[in-house]
Every structure is written in C-alpha cells, then in structure tokens.
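Chemist: Below is the sequence, then the predicted model.
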Amino acid sequence: MQQLLEEAKIYALSSSPVMIYGQAGIEDYLIAEAIKGIDRSSLFIVSKVYPHNAGRAHIFDALDRSLRNLRTDYLDLYLLHWRGQVPLRETVECMEQLVKEGKIRRWGVSNFDTDDMEELFSVKNGDHCTVNQVLYHLGSRGVEYDLMPWLEEHHVPLMAYCPLAQGGDLRRGLLNNKAVQMVAEHVLENYQAAEIKLTEEKYRLLDRAFPAPDHKVWLDIV
C-alpha cells in the first residue's frame, strides 16, 4: 500500500528532471510549447508507439514525426503502447536500432502482463527493457499479485499511469481551448500530493478499503 502511494507521488513530482508523456497528436504540440526555452538536458521526455507502428515498416517514421512535433532530437524513453501483431523480436530489434542511432536513450513497454514480460525476455535483447508502464492505483491493484514481484525479480521498474485515477479527465481537457490551463492545474494538483502525510493507521484503513488481490487478476487498461 505505502509503495503504491509513494509511486503516485513520484509520478506527480517527476518534474525534476521534467518527465513528460507525449503521444503523436495534440499532446506533442502542447508539450513542445510547454518546454520551449527549457534546457533539454533537464527534461525527461517519454513518448509511445502504437502497436501497428511498432515494426520496421512504420516505427522509424512514427518516431521522426514525434521528434519533429516535440521539436527535439531524441527521446529519453520510448514505450511500446501495448501488445499487437508485430512480433516482439522485430520491435526489440527496431528499438535497439533507434538507441544506436541516438534517437532514443532507452525503451520500455506499457500494459504488459506477466506472460507478456516473460515472452519479451525470451527474445534477444528483450531484457534491455527499462520499464513497464501499467495502470496502477488504489482501485486497481492487480499488478501486486504476480506482475510486480516478477518485475522486481528481473530489476524492471514499474511505472504507474493514472496513479491518482484521474488521467481520463486530463485527456478530455486537452481537446478544448482551455488545454494549457487544464494541464497546469492538473500538474499543480499532482504536485500537492507530495504534501500529504499518512499515518500507519491511515495506510491500514486504505488497505482495508482497497485490498490487494489474493489471486491472479488480469491487467487493467484504460
């Protein structure tokens, strides 16, 4: 429980260095405006590739589009959004090539369950995966049963998305003319989460209200 809440704080406070989630589309342009004039070395920019673009035929063009939109020469982290039809071996080979070309510093995956991670690690250089980003908050603790232990055993960090269970509201806000204000307000709200101090008793109450699973739970995705 405490680890989950600390993960939420880390996600909220990941602005030093700045960690920004981008995906080809309106978010890229908003991010490019937000980081204009900021020292690139102080930023940690993350983007994702959709499964249908995760093979040799499309991944290189998809990344170049994101880089142009973000007005940067490289990404700090590039994630495979979820499993698709492209073989993992091919995606890994492409990711490794992008690292060699200097267009990305590292790569990872998102929405991978335990069996997906096992398959990933069975292919050459699959163990170069640096993170698995999954839905994880008080109302969705299924990853604690087997996925989190597997990641810990193999030294792969777990990155929570929607750790405060509010990601959908932010994305809807990006589609109206108050996008920048919405993003700023959301970031400030997340930042204030670091000020929350919980006692051991409160941790126990939260754990009782949102218990960890005692059996396998299939991965939640939003």
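Modeler: Okay, I see it.

Chemist: Can you check which strand is longest in this protein?
Modeler: Looking across the chain with DSSP state E, the single longest strand is strand 43-49.

Chemist: can you list contacts of the next helix or strand after it?
Modeler: Proceeding N to C from strand 43-49, the next assigned helix or strand is helix 59-70, under DSSP states H and E. By C-beta atoms under 8 Å, 6 or more residues apart in numbering, the surrounding residues in contact with helix 59-70 are 22-24, 28-29, 31-32, 35, 45, 47, 49-50, 53, 73-75, 78, 91, 94, 98, 103-104. Any C-beta I mention is one placed from the backbone N, CA and C, and that applies to glycine too.

Chemist: So among the residues you listed, which ones count as buried?
Modeler: 22-24, 28, 31-32, 35, 45, 47, 49, 53, 74-75, 78, 91, 94, 98, 103-104 (16 or more other C-beta atoms under 10 Å).

Chemist: Residue 138 contacts residue 206, doesn't it?
Modeler: Yes. The pair residue 138 and residue 206 passes the contact test of C-beta atoms under 8 Å, sitting 6.6 Å apart.

Chemist: returning to that earlier point: taking their axis directions, the longest strand of the chain and helix 59-70 sit at what angle?
Modeler: 140 degrees (axes from the mean of the first three to the mean of the last three C-alpha atoms, to 10 degrees).

Chemist: now strand 43-49: how far from the chain's centre is it?
Modeler: 9 Å (C-alpha atoms, centre = their mean, to the nearest Å).

Chemist: Give me the most central residue, the chain.
Modeler: residue 133 (4.3 Å; C-alpha atoms, centre = their mean).

Chemist: And the host helix or strand of that one, what does it pack against?
Modeler: Assigned by DSSP H and E, residue 133 belongs to strand 132-135. Applying 3 or more C-beta pairs under 8 Å, 6 or more residues apart in numbering; DSSP states H and E, we find strand 132-135 packed against strand 107-110, helix 147-153, strand 158-161.

Chemist: Could I get the buried residue list for whatever helix or strand comes next after the first one?
Modeler: Right, strand 107-110. Counting by DSSP H and E, the next helix or strand C-terminal to strand 107-110 is helix 114-122. Within helix 114-122, the residues scored as buried using 16+ other C-beta under 10 Å are 114, 116-117, 120-121.

Chemist: and what of stretch 143-156?
Modeler: Buried residues in stretch 143-156, counted by 16+ other C-beta under 10 Å: 143-144, 146-148, 150-151, 156.

Chemist: would CSV of these with pLDDT and distance to residue 108 be doable?
Modeler: Shown next, in CSV, are the buried residues of stretch 143-156 (pLDDT from 0 to 100; distance: C-beta to C-beta, whole Å):
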residue, pLDDT, distance to residue 108
143, 92, 15
144, 92, 20
146, 94, 19
147, 96, 14
148, 94, 15
150, 97, 15
151, 96, 11
156, 96, 8
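
Chemist: what pairs with the longest strand of the chain, and is each one parallel or antiparallel?
Modeler: When pairs are called by DSSP bridges, strand 43-49 turns out to pair with strand 18-22 (parallel), strand 77-80 (parallel).
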